[in-house]
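Asks: Fold the following.
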Amino acid sequence: MEIIINFFKNKKINFWVRNGFIIVVLSILINHLTEPENFPLNKSYKFPWFPIVASIIVGGIVLIIASFNFKYFRNKYFTKKINTQILLRFLFSTLGYITILYIPLYYGLNGLINGIESYSIYHLLTGFSISLLMCTLGIALLFSKDIYKLHKLASIEGTLKVRQGGKITLVKYPEIAFIYSENKIVYIVKTDGTTISTDFTLNEVESKISEQSFFRANRQIILHARSIEQVQSIENGKLSILLKSIFSDKKTSQITISRYKRQAFMDWFNKKL
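Replies: Numbers count the residues shown, from 1 in each chain. From the prediction side, this is the model:
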């Protein structure tokens, strides 16, 4: 049961399952509405299996291209800065890859569905224009939230507004070593060794800080790479994280990363090296 729960909590798996489901639903709806004979109320209605399967294949390929290109831009550009020029480069490079594949896909799938004699420049250009428009909207919907988070949260000069008993204290990201929860109170440990208590929950803090700079290790602690002294593999595929003594005490000096979060942690940590 725990394995199943962690399977559905995995963000990468949820991304593919959620968007795969959307592609299937859109493929069914669009192919039922674009041709009169495919409309369910038509007397000669026949379920358009082949066009739907073809649409799912094309949608899946577009999703894979967009996801891999986003990952490339995130690792090389978005973690450093995000501006209009970089965003346009991401969009047009993604559309460029899709364009390269569109023509052979069009001729290949159209030939299988309707036969070679059905090829038409008009239908090619019309379908191409509609496809690019839908891809642009899809890319915007898929990645706008992630891009917004990277833009808002990954800046070195970013600041966390800490609520503390009616007061608001501004803590810059470079001043934060790690954040932990104890007895339902969340504390921010600064790089100078001082600690600030807050009125946040750990989930609220997690939603406000950079996913590129910080990692939610478990239910009690959020780490910054600057606080880590040592990473060691231990039993059952887990990781033991030793924090720098200047930032920690006996209760927070060593924490454990579960085997389910091991790979995500290592992917994050390796980017900091």
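Asks: which residues in the stretch 101-250 of the chain form strands?
Replies: For the stretch 101-250 of the chain, applying DSSP state E, counting those that start in this stretch gives strands covering 159-164, 167-172, 176-182, 185-190, 195-198, 214-216, 221-224, 228-233, 239-243.
Asks: tally of neighbours for the residue nearest to Leu91 when sequence neighbours are not counted?
Replies: Spatial nearest neighbour of Leu91, excluding adjacent residues (Cβ to Cβ, 6 or more residues apart in numbering): Ile139 at 6.4 Å. The way it works is simple: take the backbone N, C-alpha and C, and place the C-beta from them, glycine included. Using other Cβ atoms under 10 Å, Ile139 is surrounded by 21 other residues.
Asks: thinking Ile139 is in contact with Phe92, fair?
Replies: No - applying Cβ atoms under 8 Å as the test, Ile139 and Phe92 come out as separate, 10.6 Å apart.
Asks: tell me what the host helix or strand of Phe265 is packed against?
Replies: Phe265 belongs to helix 262-270 when assigned by DSSP states H and E. Applying 3 or more Cβ pairs under 8 Å, 6 or more residues apart in numbering; DSSP states H and E, one finds that helix 262-270 contacts strand 214-216, strand 239-243.
Asks: Out of those strands, which one sits most buried?
Replies: strand 214-216 (a mean of 22; mean count of other Cβ atoms under 10 Å).
Asks: related to what we said a few turns ago, can you say which of the strands of the stretch 101-250 of the chain is nearest to Trp49?
Replies: Counting by Cβ to Cβ, Trp49 lies closest to strand 214-216 out of the strands of the stretch 101-250 of the chain; the figure is 43.6 Å.
Asks: So what are the sheet partners of that closest one and their directions?
Replies: Strand pairing for strand 214-216, using DSSP bridges, gives strand 221-224 (antiparallel).
Asks: one step back: where among the strands of the stretch 101-250 of the chain is average confidence lowest?
Replies: Of all the strands of the stretch 101-250 of the chain, mean pLDDT reaches its minimum on strand 159-164 (a mean of 77).
Asks: what's in contact with that one?
Replies: 168-173, 176, 188, 196-200, 205, 208-209 (Cβ atoms under 8 Å, 6 or more residues apart in numbering).
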